[in-house]
Structure formats: structure tokens, C-alpha cells
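Visitor: could you work out the structure for the sequence below:
(chains A and B, ligands or ions: 1)
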Amino acid sequence: MTGTTSGSRLHLPRYLREDDSLRTPVGFPDYKSTGLRAPLRTPVDLPQRLTEVTGPVLGEDRVKAEDADLTLRNGGEAVGQRILVYGRVLDSDGRPVPDALVEVWQANAGGRYRHVVDVFPAPLDPHFDGLGRVMTDSLGRYEFMTIKPGAYPWGNHHNAWRPAHIHFSLFGRAFTQRLVTQMYFPDDQLFGQDPIFNAIPAAARHRAISQFSLERTVDNWALAFEWNIVLRGTDQTPFETEDDGDVA
Amino acid sequence: MTTDPLHVPDVSEPYQPLPGRTRHTGFLTGPLRLGTSPSATVGPYLAIGLTWPDGIWAAEEGTEGGVWLRGRVFDGAGDVVPDAMVETWQADPDGGFPSPEDPRGAATYPGFRGFARAQTLTGEFGIFTLKPGRVPDGEGGLQAPHVDVSIFARGILDRVVTRIYFADEADANAEDVVLRGLPEDRRRTLVAERTDDGYRFDVHLQGDQETVFFAV
Ligand SMILES: [Fe+2]
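Guide: Numbering: from 1, shown residues only, chains lettered A, B, ... in the order given. Predicted structure coming up:
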């Protein structure tokens, strides 16, 4: 019971915002659908208060063990190249984000989503639904087994193809840390023509690309890709330099 | 300055200064900063990954005093967006949050989760919740009751954030530091109107009535 009294001053963390030059803009002209959807006014700065620095606790009860293996669904095995996708969820201070919900979804090996809107004439796979859920462990680590998604065409421009990707959704600890993003695979020849990839400022694009890991390949079973995800961190006790006579 | 997030330090050494960054610069320096992962659109197939059977229930079904927050999301042509997802996060009626990140301690309120997500497949979203109480602003004052909202959709590369306030909280709204900072005609875009079973809050992504969106 916290009551509705204002109480004294609260010491709240302040979540750092990535520099605009390294953040994906909300709208990007080459991605046609942003034209009527991305807000046009400059967003208003909202100082972070209690609602922004808190967030829901979404625990184990929404994740089953089998949710971490997308290759086994409906009593059979998905078609495609098996891959282990793994990594760590950190904040920008380098601290692990433990016990955090990670939700993923993706196309099947042929590049088709199990979704009514997807009419790409590639076959659906009865043993692949494209949904995975895992929790990070105490060190912020996650992993799931899946198949490598195929590239798929879309209507953005003539002969437009999305590079292979896996959609990720993450909650950190706080409303400010919420992130929905996409993970790509190294050296994809489709990067150059994809406006969703290229909407990411050039200096930050590598952050969206996983790395092949020979070390974590599973002998006689699956390839492996590592992708570390960085959520916003707090400006924990900046320290001053030793000859800082004139800094605030 | 940022560094490559694919090359992270061991967990046991999270605070190493960046290579080449030395002390004695005369500037404030901070702990290691990793570049944050770039956002991307949820795309058109979000329903595969983000549908929860209990998504819309910020408060359990049947919770006494529960209200429906309903609304539509409009694009710049005035058309309803049928493939958006709206997420809400808010305090309970006593102003507490079910979150260990609250420095006052995690609050518990019967049947209350505080978080909901709803898609707009039918043309509108609807979430069942309890009206939030007033929440300290951290500086000795109180904020008006409000709900923080994230909106995700195809055609939006990063979530957009707004707040729902309540039309029947005129006195609290008049004192609210966030609302007071906005011109009257813009403030109106954040205020949900009373309905038979709760409140209505429409979102306008663009246009004359573009909703106030926030950078948090
Ligand atoms: Fe996709």
C-alpha cells in the first residue's frame, strides 16, 4: 500500500537515451508504409518518473520449456537448416538483464509466415509455427533452437526482398527499456536494397547482425549464431576524473 | 562514445573503461557504455509472436471497479490501422506499481497486473484495467492519474509513446506537470473521454489532431 501522498523526493534511475544519430528513426521515406503512419511532429520530452522507470514482471508462467525449440511443433520436425540462436541481454552499462522475457517470431525456411496476411506462394510447414519464447537466465543469457528463416518478397518497391531475419521483443525492467527489433544474419546479399535494415543509421547497423559461431555449433545437429542485445542502461554514479577542477 | 555490442566484457568485469579512454581528461566520464540495439518495426506479422491469451487484462476479468479502455488508431489518411499493437503500463488505484523497480517497493493490488497489450484487428483495441491513482512526481508533487502507452505497427520503425489521462480528473489534470507543459489544443489529445463501460482514447498518428507523442 503506497497511498496517494506525494511523499518525499524519490531517487529514480535515469535511463540514458541513445544518440539520435545512432537510433532508428520512427519514419524512413524509403519504407513506404511509414508515410501515413510515422508521426510527423517532434516528440515532446517526457522526464522519466515512476511510471517510466518501473515495468511489469513477466515471469516464467508465460514460458514453457518447449517454447525454446521452434523446430519441434505439432508432433514433427520443421524443414530447414537448424540453428541455435543465443546471446546475452545487457544494458548499456554492460550489466546483464536477468529473468527477462524474450519473444521471437519468424518466417519458415521458405520465407513464409504462418499468418493470414502472408500470401507469398512458398509452402507452409506443418511443423513450424514461427513462435518462440524464452527467459534470460541470471547472467542475462538466452538461447533457442530454430531453423534459419528464408528471405521473402514484399510490396515496398519493385522486386523487394526482406533479408532473412528473426523478430525480437524484449521487456527489460522498466518501461523505458522496451524494445522490439529484428536480428539479421551475417553477409546477407539483400541488405543493400532493404529499407528496414537501412533505416538503421549506418554506424549502428552492425548491432542488428548476428555472428556465426563455430564454437557453439552443435555437432551433427545445428549451426549457431550469437546475438547480444543491449537495452538502455542508467547513468549509474558517473565518476569524476582526478583533475576535474572545473566540471559540474 | 559507444562500442561494439557484439564484443562485450565478461560478466565479472562490467565496468571496464573503453579501450583508449583514459582518466585525467578533465571531463566527466562514466561507466562502460555499450551501444543500444537498434529498434525495428514489428511488421505485419506481430500476431504470431506477441499474442497472449490474457493480453488485454491489466486487471483480472471481473475485478471490482474495472473499466474498459477502448480506442482506435488512425493513420494520416484518417483510416483505421488494423494491425497495430497497443501496450499499457500504469499504477494501481492507490498509486503503486507491481514492479520491484519502484523505490517505494513493489505494490500488490488484488487482481491487478498493471500491464496489458491489445491488437487492433477489429478496428479498435480494448483493455480491461483499473483506473490508476495519483502517482508522486518524485519532486514532492503528484501527477494526475495516467497510463503510459506504447504503440507498435507496421510502418513505424520504433514504438511511439503517449499517455492516457482521464476527462473526469479535471482538477488533477490542471495540476499535472506534463499536461501543463502542453498547449491546450495539444493537451486534449491525451485525455480519454468517459463511456458507458470505461473510457475512449483514440490515437492519431498524424494529421491536425496528431496525438502528443513523447520521447522518454
Ligand atoms: Fe519479418
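Visitor: which residues of chain B fall in helices?
Guide: Here chain B has its helices, by DSSP state H, at B:46-50, B:170-175, B:177-180, B:184-187.
Visitor: which one of these lies nearest to chain A?
Guide: Comparing the helices of chain B by their distance to chain A (Cβ to the nearest Cβ), the top pick is helix B:46-50, with 2.8 Å. C-betas here are computed from N, CA, C, even on glycine.
Visitor: hmm, that closest one touching chain A?
Guide: Yes: Helix B:46-50 is in contact with chain A by Cβ under 8 Å from any Cβ of the partner chain, via B:46-50.
Visitor: stretch B:59-68 too?
Guide: No: using Cβ under 8 Å from any Cβ, stretch B:59-68 stays clear of chain A, with a minimum separation of 12.9 Å.
Visitor: average pLDDT across that stretch?
Guide: Taken as a whole, stretch B:59-68 carries a mean pLDDT of 97.
Visitor: related to what we said a few turns ago, which one of the helices of chain B is the most hemmed in?
Guide: Between those, helix B:46-50 has the highest mean count of neighbours, a mean of 21, where neighbours are mean count of other Cβ atoms under 10 Å in any protein chain shown.
Visitor: roughly how far is it from the heart of the chain?
Guide: When distances are taken as Cα atoms, centre = their mean, to the nearest Å, helix B:46-50 is centred 19 Å away from the chain's centroid.
Visitor: just name whatever secondary elements it is in contact with.
Guide: Counting contacts by 3 or more Cβ pairs under 8 Å, 6 or more residues apart in numbering or on different chains; DSSP states H and E, helix B:46-50 packs against strand A:101-106, strand A:131-135, strand A:165-170, strand B:115-119.
Visitor: hmm, A:Glu77 is touching A:Thr71, no?
Guide: Yes: using Cβ atoms under 8 Å, A:Glu77 is in contact with A:Thr71, at 5.9 Å.
Visitor: so those two - more neighbours on which side?
Guide: Higher neighbour count among A:Glu77 and A:Thr71: A:Thr71, with 20 against 13, using other Cβ atoms under 10 Å in any protein chain shown.
Visitor: wait, what's in contact with residue 147?
Guide: Answering for chain A, as no chain was given. When contacts are counted by Cβ atoms under 8 Å, 6 or more residues apart in numbering or on different chains, A:Ile147 touches A:70-71, A:78-83, A:108-109, A:128.
Visitor: meant chain B actually
Guide: B:69, B:88-90, B:129, B:132, B:163-164.
Visitor: quick revisit: residues shared between the contacts of A:Glu77 and A:Thr71?
Guide: Counting by Cβ under 8 Å, 6+ apart, the common neighbours of A:Glu77 and A:Thr71 are A:His127.
Visitor: closest to B:Gly35 out of the helices of chain B?
Guide: Closest to B:Gly35 of those is helix B:46-50 (Cβ to Cβ; 24.5 Å).
Visitor: return the closest one as PDB; C-alpha atoms alone will do.
Guide: C-alpha atoms of helix B:46-50 as PDB (Å, rounded to 0.1, in the frame of the first residue of the first chain):
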ATOM      1  CA  LEU B  46       3.300  -9.400 -35.000                       C
ATOM      2  CA  ALA B  47       0.300 -11.500 -34.100                       C
ATOM      3  CA  ILE B  48       2.500 -14.600 -34.400                       C
ATOM      4  CA  GLY B  49       4.900 -13.600 -31.700                       C
ATOM      5  CA  LEU B  50       3.000 -11.200 -29.500                       C
END
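Visitor: low-confidence ranges in chain B?
Guide: Scanning chain B for pLDDT under 70 picks out the ranges B:1-32.
Visitor: wait, I meant chain A
Guide: Applying pLDDT under 70 to chain A flags the ranges A:1-8, A:236-248.
Visitor: returning to what we had before: most widely separated two among the contacts of B:Val147?
Guide: It's B:Thr129 and B:Arg163 that sit farthest apart of the contacts of B:Val147, by Cβ to Cβ, at 14.1 Å.
Visitor: isn't B:Ala47 right up against B:Arg117?
Guide: No: B:Ala47 is beyond contact range of B:Arg117, at 11.2 Å (criterion: Cβ under 8 Å).
Visitor: coming back round to it: counting neighbours, which of the contacts of A:Ile147 comes out on top?
Guide: Most surrounded of the contacts of A:Ile147: other Cβ under 10 Å gives A:Leu70, at 29 neighbours.
Visitor: does the longest strand seen in chain A come close to chain B?
Guide: Criterion DSSP state E: the longest strand present in chain A is strand A:82-91. Yes: interface with chain B: strand A:82-91 contributes A:88, A:90-91 (Cβ under 8 Å from any Cβ).
Visitor: and which of these is nearest A:Asp61?
Guide: Among the residues of strand A:82-91 next to chain B, and counting by Cβ to Cβ, the member closest to A:Asp61 is A:Arg88, at 23.2 Å.
Visitor: next up, the contacts around that closest one.
Guide: A:96, A:136, A:139-142, A:228-229, B:8.
Visitor: distance of the nearest residue to A:Ala100 once chain neighbours are set aside relative to chain B?
Guide: Sequence neighbours aside, A:Thr136 is the residue nearest to A:Ala100 in space, at 4.6 Å (criterion: Cβ to Cβ, 6 or more residues apart in numbering or on different chains). Noted for A:Thr136: a distance of 12 Å to chain B, by Cβ to the nearest Cβ, to the nearest Å.
Visitor: go ahead and confirm A:Thr136 touches A:Pro96.
Guide: Yes: between A:Thr136 and A:Pro96 there is a contact under Cβ under 8 Å: 7.4 Å.
Visitor: list the residues that contact both of those two?
Guide: Joint contacts of A:Thr136 and A:Pro96 (Cβ under 8 Å, 6+ apart) are A:88-89.
Visitor: need the phi and psi values for the closest residue to A:Glu66 other than its chain neighbours.
Guide: Excluding its sequence neighbours, the residue lying closest to A:Glu66 (Cβ to Cβ, 6+ apart) is A:Leu72, at 6.9 Å. Backbone geometry at A:Leu72, expressed as degrees, to the nearest 10, gives phi -120, psi 100.
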